[in-house]
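*Asks:* Sequence first, then the predicted structure:
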Amino acid sequence: MTTWYFPKEVWNLIKRYEHDLLYPRKYIKKIIKDFKYHIHTPYWLGLHQFKTFEKQYHFLKENKLTKDLWNIYSDEMIYFKLHNEIKQCNKIYY
């Protein structure tokens, strides 16, 4: 019995198309918009206990609207984006 293997380049192309079909640009923009909304909410509501990085990360990880964020970006990229958005909030609201 013979086995077939895809060349790595072909496999990468297939995975890229799969990603584009599962997460179109419009959907990614919506998730990013929800991400920013959820990060800014504790700041404009004055909920000081939810402003920490850990609380924000935990909320994003469990929220149904932003769960797909981890399928689109790596964990390190989400850390980076979250950190930058919290710094932006601190500039705006303080």
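*Replies:* The structure has been received and is ready for your questions.

*Asks:* Tell me which other helices or strands the helix or strand containing Gln56 touches.
*Replies:* Following DSSP states H and E, one finds Gln56 within helix 53-62. When contacts are defined as 3 or more CB pairs under 8 Å, 6 or more residues apart in numbering; DSSP states H and E, helix 53-62 sits against helix 25-45, helix 75-93. Glycine gets a C-beta too; all of them are placed from N, C-alpha and C.

*Asks:* how many degrees apart are that helix and helix 25-45 in direction?
*Replies:* Per axes from the mean of the first three to the mean of the last three CA atoms, to 10 degrees, the angle that helix 53-62 makes with helix 25-45 is 140 degrees.

*Asks:* Now the element after helix 53-62, going C-ward?
*Replies:* Reading on from helix 53-62 to the C-terminus, the next helix or strand found by DSSP H and E is helix 69-72.

*Asks:* Which strands and helices lie in contact with that following helix?
*Replies:* Helix 69-72 packs on helix 25-45, going by 3+ CB pairs under 8 Å, 6+ apart.
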